[in-house]
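> give me the fold of what follows.
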Amino acid sequence: MNRRGPLLLAMLLAFGAAIGGAMIGRTFINPPHPVESTLHQLLHDQLKLDRDQAARIEAIEQRFALRKTALEAELRADNADLASAIEAEHGYGPRVAAAVDQSHHAMGELQKATLEHVFAMRSVLRPDQAARFDAAVVKALTVPAR
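Next comes the predicted model:
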């Protein structure tokens, strides 16, 4: 290796660590407020659910919590695989590309499960409640990023 080799390697490792840290921070440490949080607040604080609705939504929430926990664990494992690939390849090689694709797959599965959860909660609502719920969904999904 010439004299610049170790410096270049250190720069690539630092860049990879920065990207990985930013992804982890954005995903786990300071994530944006998910649509589901906004909707849960609306459901529990503003829509005046009757006892049956509240019980049905509680059951939906418990099922989703289990699924979400499993998907988040999968995503953390995928991020660890990505970190390992970055450490091994020191660049955007085939292992890194495959790890990114796998991570994106896990993120997509979490998004799909979240939407299924949102629609399951909506199915419990009366038409007047559903209209407010729908408006909150649209608003939450179209708020500009911070």
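
> what about A73, how many residues nearby?
Using other Cβ atoms under 10 Å, A73 is surrounded by 11 other residues. For every residue, glycine as well, the C-beta is placed using N, CA and C.

> cool, R4 as well?
9.

> tell me the contacts of it?
Contacts for R4 (Cβ atoms under 8 Å, 6 or more residues apart in numbering) come out as none.

> can you get me a residue count around T69?
10.

> same check, this time on M121
Neighbour count of M121, defined by other Cβ under 10 Å: 22.

> residue boundaries of the helices in the protein?
Using DSSP state H, the helices of the chain run over residues 5-24, 35-45, 51-89, 94-122, 127-142.

> in TSV: those, plus mean pLDDT.
As requested, those are exported to TSV (pLDDT from 0 to 100):
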stretch	mean pLDDT
helix 5-24	70
helix 35-45	73
helix 51-89	92
helix 94-122	91
helix 127-142	88
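
> can you tell me how far A77 sits from A106?
Separation of A77 from A106 (Cβ to Cβ, to the nearest Å): 8 Å.

> cool, and D128?
D128 is 37 Å from A106, by Cβ to Cβ.

> again with E116
16 Å.

> compare those two (neighbour count), which wins?
A106 (18 against 13).

> surely that one meets A70?
No - contact status for A106 versus A70: not in contact, 10.4 Å apart, counting by Cβ atoms under 8 Å.

> now do the contacts for F64.
113-114, 117, 120.

> from the chain's centroid, how far away is stretch 57-74?
13 Å (Cα atoms, centre = their mean, to the nearest Å).

> repeat that for stretch 85-94.
24 Å.

> quick check: buried residues in that stretch?
By 16 or more other Cβ atoms under 10 Å, the buried positions in stretch 85-94 come out as 85-86, 89.

> need those residues in JSON lines (columns: distance to V137).
Listed next are these as JSON lines, based on distance: Cβ to Cβ, whole Å:
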{"residue": "A85", "distance to V137": "36"}
{"residue": "I86", "distance to V137": "36"}
{"residue": "E89", "distance to V137": "40"}
